[in-house]
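J.: could you look at this predicted model? Sequence included:
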Amino acid sequence: MNSVLSVQNLIKNFKSNQVLHNVTFNCKKGRIVGLIGANGAGKTTIMKSILGLVKSRGAIKINGETVHFNHAGGVDSVGALIEYPGIYPYLTGKEHLNMLATNENKQAISKLISDLKMAGYIDKRAKNYSLGMRQKLGIAMALVNHPDLVILDEPMNGLDPQATYDLRQLILSRAQAGTTFLISSHILSELQKLANDVIVLDKGRIVRSTTMGELLSKSLKRVIFKTSDDGRAKSILQASGYHLELGSQVKITLKEGEGIEEAVKQLTRRNVLIEDIVQENNDLEKVVLNLIKG
Ligand SMILES: Nc1ncnc2c1ncn2[C@@H]1O[C@H](COP(=O)(O)OP(=O)(O)OP(=O)(O)O)[C@@H](O)[C@H]1O
């Protein structure tokens, strides 16, 4: 199996508070995996457990090698940014990258600096960096050695739209070259553009683990009809059992597995002319809110 990361039955208690309940998932080579959940759901605790920074029960393997608390085996092939980057204020950004880079990766530092558009400040001392500059340096530090697995906790924190775009492009190109990413983010619209796979966490339990495509396609869909007689169209659809959304438009919610053909039939049979049909794109936020609510 080509799993770069395997997490099996992870359990974590902080005293009597159980915060992870048998969390099990795999991340395959070259996939971008989004870890989603409300504040306190356990995302950071999972990431720290993978890095051997907190002691949890269960089995974690990176490239087949077991990770133990305080034992770095397997973690050598991981780059991570969790919470705040560890930055030395009196060193420049470039000095941080030079210090971390292995010999074979020193050449590629300038490409990384240009990919993340850090050239303007990389030779300045980090103590003068803004929040976004620090964040970018932290990400560059996680990526500098081209690790097999990259773990990023809220990587878009503090980044402006251009920096968010640059980072997204970099993550996508690294993933295409075979790097595996585990990324948590509250910016679900951003994860929707990035992640191939999604793990939804609710109070320390995985409530859905699937591909992004499947998660979005299996969820509720909204369809707007533009008709010759919207008032009649609404009454017809309501009488046929469809859930109509509030507002002036003829907007229905389709349940899982339900197509629009039947609704179209009901309208045309009663001579309501359909001028246009618009299917609203599902958005990850709505899907996740539904999952966590349910
Ligand atoms: N050191 C600690 N001591 C006690 N409880 C902790 C500790 N660290 C985390 N917790 C608890 O574990 C639970 C999960 O926290 P965690 O930080 O993993 O959540 P999260 O999903 O990353 O949240 P956020 O989105 O707010 O970053 C929370 O209930 C939190 O209060």
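T.: Yep, it's here.
J.: using the three-state scheme, assign Asp123.
T.: coil (DSSP: H, G, I helix; E, B strand; the rest coil).
J.: pretty sure Leu100 sits against Leu143.
T.: No. Using C-beta atoms under 8 Å, Leu100 makes no contact with Leu143, being 10.1 Å away. The C-beta positions use only the backbone N, C-alpha and C, and glycine is treated the same way.
J.: so where's this structure shaky on pLDDT?
T.: 1, 71-74, 218-220, 256, 281-282, 293-294 (pLDDT under 70).
J.: point to the residue nearest the middle of it.
T.: Central residue of the chain (C-alpha atoms, centre = their mean): Gly34, 2.9 Å from the mean position.
J.: which phi and psi does that one have?
T.: phi -90, psi 130 (degrees, to the nearest 10).
J.: okay, and the beta partners of it?
T.: Ile183, Val198 (DSSP bridges).
J.: contacts only, for it.
T.: Gly34 makes contacts with 183-185, 191, 194-195, 197-199, 212, as judged by C-beta atoms under 8 Å, 6 or more residues apart in numbering.
J.: quick one, strands of the stretch 51-200 of the chain?
T.: 57-62, 65-66, 78-81, 149-153, 180-184, 197-202 (DSSP state E, counting those that start in this stretch).
J.: picking up where we left off before, what is the nearest of the contacts of Gly34 to the ligand?
T.: Ser184 (6.7 Å; C-beta to the nearest ligand atom).
J.: which parts of stretch 61-77 are buried?
T.: Neighbour counts over stretch 61-77 (16 or more other C-beta atoms under 10 Å) mark 61-63, 67, 74-75 as buried.
J.: could I get the residues you listed in TSV, plus columns for distance to Lys226?
T.: Formatted as TSV, the buried residues of stretch 61-77 follow (distance: C-beta to C-beta, whole Å):
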residue	distance to Lys226
Lys61	54
Ile62	53
Asn63	54
Val67	56
Gly74	56
Val75	56
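J.: what are the structural domain limits within the protein?
T.: 3-216, 219-293 (automatic domain parsing).
J.: grab the nearest non-local neighbour of Ser209.
T.: Among residues not flanking Ser209 along the chain, Ile199 sits closest, at 4.9 Å (C-beta to C-beta, 6 or more residues apart in numbering).
J.: and of the strands of the stretch 51-200 of the chain, who's closest to Thr44?
T.: Closest to Thr44 of the strands of the stretch 51-200 of the chain, according to C-beta to C-beta: strand 149-153, at 5.7 Å.
J.: and that closest one, how far out from the chain middle?
T.: Put simply, strand 149-153 sits 11 Å off its chain's centre (C-alpha atoms, centre = their mean, to the nearest Å).
J.: just checking, what packs against that strand?
T.: Secondary-structure packing of strand 149-153 (3 or more C-beta pairs under 8 Å, 6 or more residues apart in numbering; DSSP states H and E): helix 43-50, strand 78-81, helix 131-143, strand 180-184.
J.: so Val23 bridges to which residues?
T.: Leu10.
J.: okay, now it: neighbour count?
T.: Look at Val23: counted by other C-beta atoms under 10 Å, it has 24 neighbours.
J.: surely it meets Val7?
T.: Yes. Using C-beta under 8 Å, Val23 is in contact with Val7, at 6.2 Å.
J.: ok, and the closest non-adjacent residue to Lys117?
T.: Lys117 sits nearest to Asp166 (C-beta to C-beta, 6+ apart), 5.6 Å away.
J.: in the longest helix anywhere in the chain, what counts as buried?
T.: Longest helix of the chain, by residue count under DSSP state H: helix 161-176. Within helix 161-176, the residues that count as buried by 16+ other C-beta under 10 Å are 163-164, 166-168, 170-171, 174-175.
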